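*Asks:* dropping the sequence and predicted coords here.
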Amino acid sequence: MPALDVGPMGVIGRLNRCAALMRRRLDAKFEEFGLSNWEFDVLATLRRSGAPHQLAPTALFSQLMVTSGTMTHRLQRLEAQGWVSRAPNPADARSLLVQLSPAGLELIERAVAAHVENEKNIMAPLGADGTAALDAQLRKLLAMLEP
């Protein structure tokens, strides 16, 4: 269909391909720590919350943009690994708080340091100026796409 301007298809295709290839490299780094992508996300979210590194499950699933059922399942798996614990919420006897265990805190601190270095290595070929330019353009694109 020669009359169609298919230029945007190339850009969108390359963005999708870049995302898939970056996901592989990120996941490979997480696997070095015995973590999946979602496990890293939950533990990192708890770490970012600051000491004592605990949040209500509703805050977690809101920040991670997953359903409460998904969050419940994930928390059960993380608790079985010994990376989080759940304790009564002193502010609300009907709810629990999710907290990083000492093992979970030690693990996520090592994993985050390696993750940041991995991301730097992924972006290094673009150089600082190229990375900044790409970031600026992606910010514009996101601002147009996000509500």
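*Replies:* Looks like it arrived, so ask away. Numbering: from 1, shown residues only.
*Asks:* residue for residue, what is the longest helix this protein has?
*Replies:* Looking across the chain with DSSP state H, the single longest helix is helix 7-31.
*Asks:* got the buried residues for that helix?
*Replies:* Neighbour counts over helix 7-31 (16 or more other CB atoms under 10 Å) mark Leu26, Lys29, Phe30 as buried. Heads up, the C-betas are built off the backbone N, CA and C, glycines and all.
*Asks:* I figured the last one hits Asp41, correct?
*Replies:* No - under the criterion of CB atoms under 8 Å, Phe30 is not in contact with Asp41, lying 9.6 Å apart.
*Asks:* the top strand by length along the chain: partners in the sheet, and parallel or antiparallel?
*Replies:* When the chain is parsed with DSSP state E, its longest strand is strand 92-100. In the sheet, strand 92-100 lines up against strand 54-55 (antiparallel), strand 84-89 (antiparallel) (DSSP bridges).
*Asks:* C-alpha coordinates for the last one, PDB please?
*Replies:* Coordinates of the C-alpha atoms in strand 84-89 are reproduced here as PDB (Å, rounded to 0.1, in the frame of the first residue of the first chain):
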ATOM      1  CA  VAL A  84       9.300 -10.600  53.500                       C
ATOM      2  CA  SER A  85       7.100 -11.000  56.600                       C
ATOM      3  CA  ARG A  86       3.600  -9.900  57.400                       C
ATOM      4  CA  ALA A  87       2.700  -8.400  60.800                       C
ATOM      5  CA  PRO A  88      -0.400  -6.800  62.300                       C
ATOM      6  CA  ASN A  89      -0.800  -3.100  61.500                       C
END
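*Asks:* what does it rub up against?
*Replies:* 42-43, 46, 54, 56, 75, 78-79, 95-101, 104 (CB atoms under 8 Å, 6 or more residues apart in numbering).
*Asks:* report the central residue of this protein.
*Replies:* Asp41 (4.0 Å; CA atoms, centre = their mean).
*Asks:* okay, the angle between whatever helix or strand that one lives in and strand 84-89?
*Replies:* Using DSSP states H and E, the element containing Asp41 is helix 37-48. Going by axes from the mean of the first three to the mean of the last three CA atoms, to 10 degrees, helix 37-48 is angled at 50 degrees with respect to strand 84-89.
*Asks:* lovely, talk soon.
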